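K.L.:
Pasted the sequence and its predicted model underneath.
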Amino acid sequence: MPYLRNHQAPMPSLLNWLLLLVLSTGSSSTYGGTSSAATGEPESASDRLTFELDVMPILSVAGCNAGACHGKQRGQNGFQLSLLGFDPEFDYSALVYEARGRRLTPSSPERSLLLRKASAQVPHGGGPRLDLTGTRYEVVRRWIAQGMPRSTRDDPVLDHITLSPDQQTLQRDSAQPLVATAHYSDGHSRDVTHLTTFLSSEPAVVAVGEDGVLHAGSLVGETSVMARYVTEIATWNTGVAVEGEADPSVYEQLPRWNFIDGLVWDKLKEMNLTPSSPCSDSTFLRRAHLDVIGRLPTADEARAFLDDPSSDKRARLVDQLLQRPEYVDFWASKWADLLRPNPYRVGIKAVLSMDAWLRDMFRQNITYDQFARQLITAKGSTWRNGAVTFFRDRREPDEITTAVSQLFLGVRMECAKCHHHPFEVWGQDDFYQLAAFFARVGRKGGGLSPPISGAEENVFANNTGNISHPLTGKEVSPRPLKGTEVIEVGEGEDLRDALVDWMVSEENDFFAQAGANRIWADLMGRGVVEPVDDLRVTNPPSNAPLLAALGDEFRRVGFDQKEFIRTVTGSYVYQLESIPNDRNSSDQLNYSRHYRRQLRAEVMLDAVCDVTGVSEDFIGGDAHTIAPGSRATEAWTLRTRSWFLDAFGRPDANQDPPCQRIVDSTVVQALHLMNAPKIHEKVVDDEGQAAKLAASDRTAQIIIFELYLATYSRYPAGEEVAALESLFGDSAEQRRAATEDLMWALINTPEFMLSN
């Protein structure tokens, strides 16, 4: 009998033991046999079936081992299979040996409980999964009759699958059949389309049937079709292009200010999309300020830029913004979202220390690779080295692994912790080999005792420490993803240093591409891969050559984030208008126009304070109070009371870590801007900007100009001025009321709330 590692199964019945013994040694279970010991049916070498090559594909395509059925954590009704068939030994044991062997009856295969339930001859919660007269039913029946053979070491194994024909865009309302071909270690291949599961990421654009036939709809867009055959995955990326080809000269005449532009134009040409017009100076001014430093330009800054006739003023503006202190607070706050733990879990002082460390990283313009190294290899006191707080919050190697892989490699490994990733190549071996790099992280000092964890803790590198594979119980050696060699370090050396060496090396594309994609998304409104931390074959980039080029550029500039920002903002693509034209209104992926997005909660609050001229006073419990007059982007903790920040989607401080933001506009936000007492108090404050403008000797027209420059970073159009001037009366009361009403109205418009 085959060796079953670590699977304790009940003994099968004596009858089944004898039948298995006879059938497994008979000619029917080997190549060249002449008859079936159970049925007397003649068969040839090509008729021999095995569990791995013939039965598991049927269980998978029938959905038996899916997460909603017997593949769930505890199985279904006492019968469990490995999720999506990633553990053949476990599945074979469950079918053949568990429940005293009652699921299979080799002496009378058609009476096997497996077949009777799957064909709904007896009640089955999952309904009929095999047609009683179908080929799949017959294959399983014959396999049982042959004695339930396993593959031997001499049998071929599945190597990979491919999809044909070549990838292409589709016409509206058209159909395209796909053919899935399995390739084996001995060089042979076979058509397995009928045993393959297909899934479209955007079925509204292109749907796919169980037979592998694609059905393009009437919507313009793109999709990735995933095909899974047993444990192997392949993808077929396609889309529905805009009808009618655009004039080729349009793409030839488009500017190419750097490599980004040409790669974007190539994709637009493929999808028959044409880019929007270039944006105005006022749009670029506001966009650059919000994207680079997270604050609006003042009216004086806007006036100076708009009146500047220089041809290089946009590049000079970005250079100036990158040197401003607001850049530090804005970009540090983004990483605080990803790293900042709950202060009631790790301690208030530890969170404050991490916040200070983050701001210092951006203040010194530490390169991205060094930033990652300092965090991942952090040692010392949580009170003196804020990066150490990362290891105070995440205590176990598996917790650290999921965070590091997602943040710096763009790979979500959480699934592989328990089973093979259902949409990727990563399995448990990959996960625990990566986790082994963190097995020697030592801690000394006060541990965690929520809700009061104020003690200091020191993190250091131990000389010993290991991690065991949960399935085999064997010690796992540290290997990087896709690595074949075990990483070994000498006494006194830190395994984490070796991990970072691999991460930032040229042989690893994940690090550069994930980092570049994250910054690109912050500037362009959407990542080339979205979500930005989910790079996988079944979530392909919208423009693969662009992602590769961005990663190469990030590496070329030495992972200097400021230099990379200069590259992106210096492209013609970044400076496109957000207003769509008749050939790109449906585009949400290819940067044919700039994508509007709502301002972050802290940026929005700071903008309201800047326009009204009244700062926000943050009040928090105990040690969470923020200094009076501070900007929202300067706050080091989320535990400050602010109805405004809560309404506009700041993370929930009770999450661990509190990194999830609400990015969509809501009715609550609109009502808050219109009705919140604190916003009204800012608008009508006697020391506020509205009161000062109304009390000045400026004309109504100049006041209108000032408010438009402060909120929209542009001059008002002539018709806007004409319509608004009539609101200003002759009395001081009328003048002030009109100024306050106009300020309130401008704050409540999409042009103010969105980055365009």
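P.N.:
Arrived safely. Note that the structure is a prediction, hence the values are computed from the model and not measured.
K.L.:
all strands of the stretch 351-500 of the chain, in order?
P.N.:
380-381, 441-445, 457-461, 467-468, 475-476 (DSSP state E, counting those that start in this stretch).
K.L.:
Export the ones you listed as TSV, with columns for mean pLDDT.
P.N.:
TSV is the format used below for these (pLDDT from 0 to 100):
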stretch	mean pLDDT
strand 380-381	95
strand 441-445	92
strand 457-461	94
strand 467-468	88
strand 475-476	90
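K.L.:
Select, out of those strands, the one closest to residue 672.
P.N.:
Among the strands of the stretch 351-500 of the chain, strand 457-461 comes nearest to residue 672, with 39.7 Å by CB to CB. All C-beta spots, glycine's among them, are computed from the backbone N, C-alpha and C.
K.L.:
can you state the direction angle for the closest one and strand 441-445?
P.N.:
150 degrees (axes from the mean of the first three to the mean of the last three CA atoms, to 10 degrees).
K.L.:
who does strand 457-461 touch, helix- and strand-wise?
P.N.:
Under the contact criterion of 3 or more CB pairs under 8 Å, 6 or more residues apart in numbering; DSSP states H and E, strand 457-461 touches strand 380-381, helix 389-393, strand 441-445.
K.L.:
Go through it and flag the buried ones.
P.N.:
457, 458, 459, 461 (16 or more other CB atoms under 10 Å).
K.L.:
With stretch 239-246 instead?
P.N.:
For stretch 239-246, by 16+ other CB under 10 Å, it's 239, 240, 241, 242, 246.
K.L.:
how long is that stretch end to end?
P.N.:
17 Å (CA to CA, to the nearest Å).
K.L.:
what about the stretch 301-450 of the chain, any weak spots by pLDDT?
P.N.:
Along the stretch 301-450 of the chain, segments meeting pLDDT under 70 span 419-424.
K.L.:
Would you state the helices of it in chain order?
P.N.:
Assigned by DSSP state H, counting those that start in this stretch, the stretch 301-450 of the chain shows helices spanning 313-322, 325-339, 343-346, 348-363, 368-376, 389-393, 397-408, 428-435.
K.L.:
Ok, the stretch 151-300 of the chain next?
P.N.:
248-253, 259-270, 281-292, 299-306.
K.L.:
The closest residue to residue 581 other than its chain neighbours - how many residues pack around it?
P.N.:
Nearest non-adjacent residue to residue 581, counting by CB to CB, 6 or more residues apart in numbering: residue 276, 5.6 Å away. Other residues near residue 276 come to 18 when the count uses other CB atoms under 10 Å.
K.L.:
What distance do you get for residue 276 to residue 365?
P.N.:
Computed as CB to CB, to the nearest Å, the residue 276 to residue 365 distance reads 33 Å.
K.L.:
likewise residue 55?
P.N.:
59 Å.
K.L.:
got it, and residue 103?
P.N.:
64 Å.
K.L.:
try residue 143
P.N.:
Counting by CB to CB, the gap from residue 143 to residue 365 is 64 Å.
K.L.:
More neighbours: which of these two?
P.N.:
residue 143 (21 against 15).
K.L.:
Nearest spatial neighbour of that one, chain-adjacent residues omitted?
P.N.:
Looking at residue 143 with CB to CB, 6+ apart, the closest residue is residue 49, at 4.3 Å.
K.L.:
swap in residue 170?
P.N.:
residue 216 (4.1 Å).
K.L.:
That neighbour bridge partners, please.
P.N.:
Beta-bridge pairing of residue 216 under DSSP bridges involves residue 206.
K.L.:
per-residue confidence at it?
P.N.:
At residue 216, the model reports a pLDDT of 94.
K.L.:
Quickly note the distance from it to residue 227.
P.N.:
The gap separating residue 216 from residue 227 is 17 Å, by CB to CB.
K.L.:
Also residue 77?
P.N.:
30 Å.
K.L.:
If anything else comes up later, I'll come back, but that's it for now.
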